[in-house]
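Student: Provide a 3D model corresponding to the input given below.
(one chain, ligands or ions: 1)
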Amino acid sequence: MNAPKQSEYDHIVVGGGAMGAATAWQLAKRGRSVLLIEQFTQNHDSGSSHGGTRIFRLGHEQQTYTSLGIAALDLWRELEAESNETLVELIGHVDHGPAEIVAEIESNLKNQGLACERMSPNAANERWPGITFDANVVYSPDGGRAHAQRTVDTLWRRIVELGGEIWDNTEVAAVQIEGEYAIVETVDQTLRTKSVVVAAGAWLPRLVGHHVSLRPLHAVRAQPSHFAPRPGFDDIDMWPTFIHRGLSAQPEVENSWYGLWTPGEGVKVGSHLVHDELDLDNRSFAINRKFESALQNYVAQWYPGLDADKVTSTTCIYTNEPNEHFILDRKGPLTVCSPCSGHGFKYVPAIGKITADLAMGGTQSVKEWQF
Ligand SMILES: Cc1cc2nc3c(=O)[nH]c(=O)nc-3n(C[C@H](O)[C@H](O)[C@H](O)COP(=O)(O)OP(=O)(O)OC[C@H]3O[C@@H](n4cnc5c(N)ncnc54)[C@H](O)[C@@H]3O)c2cc1C
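Tutor: Model (predicted):
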């Protein structure tokens with residue numbers, strides 16, 4: 001280790017995915033000097049934030065996340081206004097599946113005074129003929145599409161415009177804690193800082209697991225696919241974003257699928273629960289044909305508007321917490337930001353705000369997000 005040098009930055013953020021970039025953006029907006037360090041390049045596809053789109057929704061089984069979504073939407077609009085980019089489009093979101101889940105989502109939306117529509121499967125089939133509905137359906141007009149890579153690119157641009165600095169292709173080898181200081185080691189620099197934020201996605205436990213007692217995080221390889229719409233179903237307005245929970249015709253098969261139209265790529269469909277184990281040091285990008293074929297069978301059965309044979313698959317990392325919660329907390333100079341569990345993207349600017357508050361000395365009051 002080189003002798004530590006006092007950092008000239010108020011904050012060092014490790015990890016330039018959506019969450020680290022949003023944190024650095026928020027800090028820079030507040031006039032703090034910030035350095036963002038990313039081990040790969042801006043557009044890399046080895047983490048969780050790449051690709052065209054993610055689902056944005058306010059409906060959730062847990063009120064905490066409906067409230068977080070509402071806070072996020074204001075901040076998405078703020079980021080759009082200052083960057084002149086379209087990042088979230090409210091094209092509507094539909095949840096369907098078991099009665100109790102749909103009822104929870106409906107009740108959380110209503111509790112917040114948000115619009116929602118409970119529909120019969122027949123009404124939903126008529127309105128969105130590309131998707132088959134056979135059970136309980138709730139529609140939220142305030143859901144839609146977030147542009148993923150465009151968001152990361154926008155945040156990186158804003159950080160620099162606001163006076164922040166970014167080092168890409170720079171791996172942080174270790175983070176040490178010495179009293180009120182953190183020591184951040186890269187290959188050629190060792191920096192001492194009063195505030196380090198680690199937003200390192202699947203790599204996070206390696207960097208900070210020995211400093212704080214993290215709830216178990218399990219990084220897995222997810223494999224969503226894009227399917228071509230059939231003729232007559234190729235109008236983007238025919239596709240809300242959707243989540244389908246369980247198979248009511250086969251109650252023994254538990255799963256949850258999500259999807260949305262990604263402009264230029266087709267309709268993305270992915271399984272929220274079926275994943276490959278991930279070897280971070282020996283990452284494979286090979287497509288798991290068994291998963292792909294199971295997804296094609298599912299699509300053939302449930303999406304009359306899609307051609308199940310016209311499929312393009314990709315891989316991405318989910319970092320799962322056992323109850324699908326986030327870890328957003330601080331211990332001394334170390335702030336930890338781990339919001340994935342497959343549903344973090346919609347909250348990006350709100351996570352940036354929460355994490356920036358923590359890095360500036362705040363404390364976490366939401367129990368589910370504490371260490
Ligand atoms: C297939 C898939 C579908 C999803 N769908 C949705 C959805 O529809 N809606 C939704 O809301 N969310 C969704 N999510 C979740 C969302 O994408 C994630 O919550 C979010 O992208 C996590 O961002 P992150 O910044 O925490 O992680 P990452 O994007 O992985 O960023 C972490 C960064 O840290 C860097 N890093 C790690 N270690 C170091 C180091 N030592 N030194 C320097 N840099 C380092 C990595 O290179 C990486 O760039 C989905 C995720 C996946 C994978």
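
Student: list the residues that contact the residue of the stretch 101-250 of the chain found nearest the ligand.
Tutor: With CB to the nearest ligand atom as the measure, Gly201 is the residue of the stretch 101-250 of the chain nearest to the ligand, at 2.6 Å. Every C-beta, even on glycine, is put in place using the N, C-alpha and C of the backbone. Shown in contact with Gly201 (CB atoms under 8 Å, 6 or more residues apart in numbering): Gly15, Gly17, Met19, Gly47, Ser48, Ser49, Ala219, Ile317, Thr319, Ser338, Cys340.

Student: give me that answer again for 6 Å
Tutor: Contacts here follow CB atoms under 6 Å, 6 or more residues apart in numbering; on that basis Gly201 touches Gly17, Gly47, Ser48, Thr319.

Student: got the residues of the stretch 1-150 of the chain near the ligand?
Tutor: Proximity of the stretch 1-150 of the chain to the ligand is confined to 14-20, 37-40, 47-49, 54-55 under the rule CB under 6 Å from any ligand atom.

Student: apply 8 Å and report the result again.
Tutor: Residues of the stretch 1-150 of the chain lying close to the ligand by CB under 8 Å from any ligand atom are 14-21, 37-40, 44, 46-51, 53-57, 146, 148.

Student: where strands are concerned, which of these count?
Tutor: Under the assignment DSSP state E, these contribute Val14, Ile37, Thr53, Arg54, Ile55, Phe56, Ala146 to strands.

Student: max pairwise distance over those residues: which two?
Tutor: Ile37 and Ile55 (29.1 Å; CB to CB).

Student: the two - which one has more neighbours?
Tutor: Ile37 (25 against 21; other CB atoms under 10 Å).

Student: can you name the residues that contact the more buried one?
Tutor: By CB under 6 Å, 6+ apart, Ile37 lies in contact with Val14, Trp167, Thr170, Val172.

Student: before we move on, back to that, what subset of the residues of the stretch 1-150 of the chain next to the ligand is buried?
Tutor: Neighbour-count burial (16 or more other CB atoms under 10 Å) applied to those gives 14-21, 37-39, 44, 46-51, 53-57, 146, 148.

Student: where does pLDDT dip in the stretch 101-250 of the chain?
Tutor: Within the stretch 101-250 of the chain, the set of residues satisfying pLDDT under 70 comprises 247-250.

Student: how about the residues of the stretch 201-350 of the chain by the ligand?
Tutor: 201-204, 206-207, 222-224, 241, 258, 260, 270, 314-319, 337-348.

Student: swap the cut-off to 5 Å and go again
Tutor: Gly201, Trp203, Ala222, Pro224, Cys316, Cys340, His343, Gly344, Phe345, Lys346 (CB under 5 Å from any ligand atom).

Student: for Tyr347, give me the backbone phi and psi.
Tutor: phi -100, psi 10 (degrees, to the nearest 10).

Student: thought it was touching Ala72?
Tutor: Yes - the criterion here is CB atoms under 6 Å, and Tyr347 meets it with Ala72 at 4.6 Å.

Student: so where do the helices sit in the protein?
Tutor: 18-29, 63-83, 99-111, 121-127, 148-161, 204-208, 289-302, 348-359 (DSSP state H).

Student: which strands and helices lie in contact with the longest one?
Tutor: Helix 63-83 sits against helix 348-359, with contacts defined as 3 or more CB pairs under 6 Å, 6 or more residues apart in numbering; DSSP states H and E.

Student: state the mean pLDDT of the helix it packs on.
Tutor: In this model, helix 348-359 has a mean pLDDT of 98.

Student: what packs against that helix?
Tutor: For helix 348-359, the elements it packs on are helix 18-29, helix 63-83, strand 327-331, strand 334-338, judged by 3+ CB pairs under 6 Å, 6+ apart.

Student: next one: the first one to chain centre, how far?
Tutor: What that stands for is helix 18-29. Computed by CA atoms, centre = their mean, to the nearest Å, the separation of helix 18-29 from the middle of its chain amounts to 15 Å.

Student: next, the angle from that helix to helix 148-161.
Tutor: For helix 18-29 against helix 148-161, the angle by axes from the mean of the first three to the mean of the last three CA atoms, to 10 degrees is 30 degrees.

Student: do the same with the last one
Tutor: Taking the same axes, to 10 degrees, one finds strand 334-338 and helix 148-161 inclined to each other by 160 degrees.

Student: which residues touch strand 334-338?
Tutor: 19, 182, 196-199, 204, 208, 211, 327-329, 355, 358-359.

Student: can you list the strands that it pairs with?
Tutor: strand 196-198 (parallel), strand 327-331 (antiparallel) (DSSP bridges).

Student: which residue sits closest to the residue in the chain positioned nearest to the ligand in space, ignoring its chain neighbours?
Tutor: Proximity of the chain to the ligand (CB to the nearest ligand atom) peaks at Gly17, 2.0 Å away. Of all residues not flanking Gly17 in the chain, Ser49 sits nearest, at 4.1 Å (CB to CB, 6 or more residues apart in numbering).

Student: residues contacting that neighbour?
Tutor: Per CB under 6 Å, 6+ apart, neighbours of Ser49: Gly17, Ala18, Val152.
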